[in-house]
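>>> Here you go, sequence then predicted model.
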Amino acid sequence: MLEALKRGDYDYGLAQFADDVVWHLPGRGPLAGDHEGRGAVLAAMRRFEKLSGGTLHIDLHDVLANDEHVLVLLRATGERGDRRYDLLETDVYHVRDGLIREFWSFSEDQRLTDEFWSG
């Protein structure tokens, strides 16, 4: 799913989400909060792309999983003007019936994440 989204294959990537998926983004940035439904998740992903001018890159480090949960360790990088984003992040997915029902994204430094995406 992550590889499909990275290469812009949103049809396949989003097909891994339940229709009523919820993406929880902590913090105080412009995209913080709960994004409910496939359309809202896609809109948030595209907004990250737009805010980074297409420079957002996700570098997958590891995936740990069982039947109900997936933990993804990654490095996210991007640029906005003269600022650079380079932080470790963790995504936690709740999976049921083969689909992602809910997921949470966490940054190693939420303050820096908020500042980067806000400015």
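Sure thing, it's come through.

>>> Can you spell out which residues form a bridge with the residue sitting nearest the centre point of the chain?
Geometric centre of the chain, nearest residue: Ser105, 6.1 Å, by Cα atoms, centre = their mean. The residues listed as beta-bridge partners of Ser105 by DSSP bridges are Asp91.

>>> Let me see the contact set for it.
Trp23, His24, Leu25, Pro26, Glu89, Thr90, Asp91 (Cβ atoms under 8 Å, 6 or more residues apart in numbering). C-betas here are computed from N, CA, C, even on glycine.

>>> Repeat that for Leu88.
Applying Cβ under 8 Å, 6+ apart, the residues near Leu88 are His61, Leu73, Leu74, Arg75, Ala76, Ser107, Glu108.

>>> Assumed the first one was part of a helix.
This points to His61. No: under DSSP: H, G, I helix; E, B strand; the rest coil, His61 sits outside any helix and is assigned strand.

>>> Which members of the contacts of Ser105 are classed as buried?
Trp23, Leu25, Glu89, Asp91 (16 or more other Cβ atoms under 10 Å).

>>> Just the residues you listed: which are in strands?
Trp23, Leu25, Glu89, Asp91 (DSSP state E).
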